[in-house]
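**Student:** I need the structure of the sequence given here:
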Amino acid sequence: MSIFLFVFIVMPIAEMAVLIQVGSVIGVFNTIGFVLLTAVAGAWLLRQQGLATLLKANQRLSSGELPAKEVAEGLILAVGGVLLLTPGFITDAVGFLCLLPFSRHWLAAQALKRMVATNTSGGFYFRAGGGQSPFGDSGNPFGQQRPFDRDGSGDIIEGEYRDETETNHDRLDKK
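**Tutor:** Modelled structure (predicted):
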C-alpha cells in the first residue's frame, strides 16, 4: 500500500514542484523543450540498449544457457522507458539510470540475487527468494521444486557422463 501512495501521490507532487522550479528559472518553453528532449533521447537509448540486450539473450539461448540476466535487464529497460516517457525530471533521472549499462547491470544483479530459479519438468520457473509463494511451500505451480544447487554450496559442476548399463540390445547380442 505504501508503494502505491508513493508512486501515485508523492511522485507527481514532487515532479510538479521540480517542473515549477525549473520553469521559473529557465522559462516555460525551455522546460517543455527539455522534457521533450529527454523523452526523445531516452527512446533512442532504449532502442539501442534493448536491441543489444535482445541479441545477448538470443546468443545465450542458442548456446543452451538460461538468459536470466538478460531477462532481468529487459524488465529494467522497460521500466526505464516508461519513466522516460513520463513527463518530469525526477522520473527522467531514474529512467536514465535504468537505461545506462553500468547501473542496469548492477540493478539486474541485485534483482537476480533475490530470485530463485528452479528446474521443472516443463522448463524453468523463477520466483522471489524468501517467503512463501501463492502456490504453496514449493513455490512452483508445476510440481515439486528442484533447485539447481541441491547442496547449497553455490557451485555448479559441468561434466559429461556415459551410461554403462547394458541395454536390451546388448544382452540379446551376447546370447
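**Student:** Can you pull out the low-pLDDT segments for this structure?
**Tutor:** 1, 116-157, 166-175 (pLDDT under 70).
**Student:** how about 80 then?
**Tutor:** 1, 114-175 (pLDDT under 80).
**Student:** I'd like to know which elements the lengthiest helix in it is packed against.
**Tutor:** For the chain, the longest helix by residue count, based on DSSP state H, is helix 28-62. Using 3 or more C-beta pairs under 8 Å, 6 or more residues apart in numbering; DSSP states H and E, the elements in contact with helix 28-62 are helix 11-26, helix 68-85, helix 89-99. To be clear about C-beta, it is placed using only N, CA and C from the backbone, and glycine gets the same treatment.
**Student:** Adding mean neighbour count and distance to residue 107, write these out as TSV.
**Tutor:** Shown next, in TSV, are those (neighbours: other C-beta atoms under 10 Å; distance: least, C-beta to C-beta, whole Å):
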stretch	mean neighbour count	distance to residue 107
helix 11-26	14	19
helix 68-85	19	5
helix 89-99	19	7
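**Student:** Now residue 69: closest residue in space that isn't a chain neighbour?
**Tutor:** Closest residue to residue 69 apart from its sequence neighbours, by C-beta to C-beta, 6 or more residues apart in numbering: residue 108 at 5.6 Å.
**Student:** if I've got this straight, that neighbour is in a strand?
**Tutor:** No - Residue 108: not assigned to a strand; according to DSSP: H, G, I helix; E, B strand; the rest coil it is helix.
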